[in-house]
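A.B. asks: output the structure for:
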Amino acid sequence: MTSITVRRIRPWMIALLAAVAVMLVFLPARSASAHPAGTTGVLVTIQSDAVEITMQIQEAGFTAATGYEVTDQASLDAVSDNLMTFILHRVRVSDSVSTLTPTVIASPELVPVNGEDAIATTVRFTDAGRSIEGAITLDYSFILDVVPAHQVYVALVSDWNNGQVAEGDPEVVAVLGGGVTEVTLDRSSPAPMNGFFSVIWLGMLHIAEGTDHLLFLSTLLVVAPSLAVRARRGFRWKQPIPLKKTIGRAALIISCFTAGHLVTLALVSLGLISFPTKPVEILVAVSIIVAAIHAIRPLMPRGELLIAGLFGLVHGTAFATTILDLNLGFGEKILAILGFNVGVELAQLIAAVLVLPLLILLSHARAFSGFRAVIAGIAIVAAAAWIIGISTDQSSALQPVFDQIARFPIAFYLALVVTVVGLWYFTRTRNPENTRLDVLQP
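C.D. replies: Below is the predicted model:
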């Protein structure tokens, strides 16, 4: 009789079997992840006579769909013609009249997008120069017909005639993939003036939400109720001055700032000149510091007008970034420059109407010189924080404070009113004639 020896199952055997089972379960998933589905960003700009589609195709998705390994611009150039042939046969755009004809206006480039290598290219869709009418339908099957799990994020940059213009990142309107390859962009009642009125509002928002521009303007206006007079060493501020003269000085300050930023806003928006973004942002902060120094002690008579006009050129360059981001046609850009400038001026006038009466009131009090110096000091600290943040590619350390001011503007304005009225009440200068009358009265 044969004896059978049964070995005892050890705990380490059970653990080993469990580990093998886990590996068998997860190995297929790891193998599949070696060919990720990737994503594509599709940026749509609807102009009056064309639709521009900018594609940002993640390299992993492109390789998974085409088999092409793209490691640098040279390897991309080698397959550029084949790539564009693929795209032109698999990306279609139509309006309510007909299917539009594509034209490549930007050859494929290898660019970083959100920390990932991506292939970017732009195609323009038109139909014999006629106007774009009605709803826009985008049929995008490139990569999706091979890798259904690939995701395509469709974002609307701007639609001028439909009045859709916004600052910042474009709004994602659809996500394609999983068998869905088509999206229709409804347009209510397109008309050229819709974009014009929308960009006026955009200009107003740019000032209302642009703390740097508001602080520059406020630091210039704080000297409006004063006059630079010659002293033993340089110049000093003297106030108060007549009401009519104060209003005239404020109007001149705003006009010089307007003239300055209008010039560069137009030149940069039309592509006639260009400047790198970071130096411009630093110069905007520097303009605030110069205006603040002038507010503490005048650099020269009417120096605020020179500062407003000269640094207005810098601020106009910063304004132009908003127009460029809308990717408008030439005619639309002209209207956008005009409308944006109108919006900026309206916002400046509103700011002046709200702030100037307080400054005029306080200029009749002993506290005005100290108040002007405090405003200038705050401006210098804020500008220095901006310069540090820009130089280090980080947000300003004071950004949370500015965010709260932007979130509760009425509360902060009322606090300013209370502060100014309180300072005026306790430090106001009395008319000597009225004082004598008070003394003579029983």
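A.B. asks: make it CA atoms for all contacts and neighbour counts henceforth
C.D. replies: OK.
A.B. asks: tell me which element residue 184 is part of?
C.D. replies: When elements are assigned from DSSP states H and E, residue 184 belongs to strand 182-185.
A.B. asks: now do that strand: which elements does it pack against?
C.D. replies: Identification of packing neighbours for strand 182-185 by 3 or more CA pairs under 8 Å, 6 or more residues apart in numbering; DSSP states H and E yields strand 136-140, strand 171-176.
A.B. asks: what's that strand in contact with?
C.D. replies: By CA atoms under 8 Å, 6 or more residues apart in numbering, the surrounding residues in contact with strand 182-185 are 135, 136, 137, 138, 139, 140, 174, 176.
A.B. asks: just stretch 354-369 next, same as before
C.D. replies: Here stretch 354-369 makes contact (CA under 8 Å, 6+ apart) with 221-222, 225-226, 239-240, 243, 246, 417, 420-421, 423-424, 427-429.
A.B. asks: same check, this time on stretch 263-274
C.D. replies: 313-314, 316-321, 323-324, 330, 333, 337.
A.B. asks: 7 Å instead?
C.D. replies: With contacts defined as CA atoms under 7 Å, 6 or more residues apart in numbering, stretch 263-274 is touched by 313, 316, 317, 319, 320, 323, 324, 337.
A.B. asks: just the buried members of those residues?
C.D. replies: Neighbour counting by 16 or more other CA atoms under 10 Å classes 313, 316, 317, 319, 320, 323, 337 among the contacts of stretch 263-274 as buried.
A.B. asks: the second one sits in which helix or strand?
C.D. replies: In this structure, residue 316 is located in helix 303-325 according to DSSP H and E.
A.B. asks: from the contact counts, what lies against that helix?
C.D. replies: helix 243-269, helix 277-296 (3 or more CA pairs under 7 Å, 6 or more residues apart in numbering; DSSP states H and E).
A.B. asks: what does the model give the residue nearest to residue 194 when sequence neighbours are not counted for pLDDT?
C.D. replies: Among residues not flanking residue 194 along the chain, residue 163 sits closest, at 4.3 Å (CA to CA, 6 or more residues apart in numbering). For residue 163, the pLDDT comes out at 89.
A.B. asks: one more: residue 4?
C.D. replies: pLDDT, residue 4: 34.
A.B. asks: repeat that for the one 3 residues further on.
C.D. replies: At residue 7, the pLDDT value in this model is 42.
A.B. asks: repeat for residue 222
C.D. replies: 95.
A.B. asks: tell me, how many residues neighbour it?
C.D. replies: Residue 222 is flanked by 25 other residues according to other CA atoms under 10 Å.
A.B. asks: please report how far the residue nearest the centre of the chain lies from residue 288.
C.D. replies: Nearest to the mean C-alpha position of the chain, by CA atoms, centre = their mean, lies residue 168 at 4.3 Å. Applying CA to CA, to the nearest Å, the value for residue 168 to residue 288 is 24 Å.
A.B. asks: got it, and residue 75?
C.D. replies: Per CA to CA, residue 75 is found 47 Å from residue 288.
A.B. asks: got JSON lines for the contacts of stretch 263-274, with pLDDT too?
C.D. replies: Shown next, in JSON lines, are these (pLDDT from 0 to 100):
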{"residue": "313", "pLDDT": "94"}
{"residue": "316", "pLDDT": "93"}
{"residue": "317", "pLDDT": "93"}
{"residue": "319", "pLDDT": "90"}
{"residue": "320", "pLDDT": "91"}
{"residue": "323", "pLDDT": "91"}
{"residue": "324", "pLDDT": "90"}
{"residue": "337", "pLDDT": "93"}
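A.B. asks: and the two most separated of these?
C.D. replies: 313 and 324 (16.7 Å; CA to CA).
A.B. asks: right, and the helices and strands packed on helix 303-325 - which one's nearest residue 130?
C.D. replies: The closest of the helices and strands packed on helix 303-325 to residue 130 is helix 243-269. By CA to CA, the value is 24.6 Å.
A.B. asks: buried residues in the closest one?
C.D. replies: Going by neighbour count (16+ other CA under 10 Å), the buried part of helix 243-269 is 246-247, 249-254, 256-262, 264-269.
A.B. asks: and for stretch 200-220?
C.D. replies: Residues of stretch 200-220 classed as buried: 200-209, 211-220 (neighbour count, 16+ other CA under 10 Å).
A.B. asks: let me know the pLDDT of residue 172.
C.D. replies: pLDDT, read off for residue 172, is 91.
A.B. asks: how many neighbours does it have?
C.D. replies: By other CA under 10 Å, the residues close to residue 172 number 15.
A.B. asks: got it, and residue 186?
C.D. replies: Residue 186 has 11 nearby residues by other CA under 10 Å.
A.B. asks: and if you look at the one 3 residues further on?
C.D. replies: Other residues near residue 189 come to 12 when the count uses other CA under 10 Å.
A.B. asks: return the residues in contact with the nearest residue to it once chain neighbours are set aside.
C.D. replies: Closest residue in space to residue 189, ignoring its immediate chain neighbours: residue 162 at 6.5 Å, by CA to CA, 6+ apart. Residue 162 sits next to 187, 189, 190, 191, 194, 195 when contact means CA under 7 Å, 6+ apart.
A.B. asks: report the mean per-residue pLDDT for stretch 50-57.
C.D. replies: On average, stretch 50-57 scores 94.
A.B. asks: which positions in it come out as buried?
C.D. replies: In stretch 50-57, the ones that count as buried by 16+ other CA under 10 Å are 50, 51, 52, 53, 54, 55, 56, 57.
A.B. asks: contacts for the host helix or strand of the fourth one?
C.D. replies: Spelled out, it's residue 53. For residue 53, the element it lies in under DSSP H and E is strand 51-58. Counting by CA under 7 Å, 6+ apart, strand 51-58 makes contact with 38-46, 117-126, all of which sit outside it.
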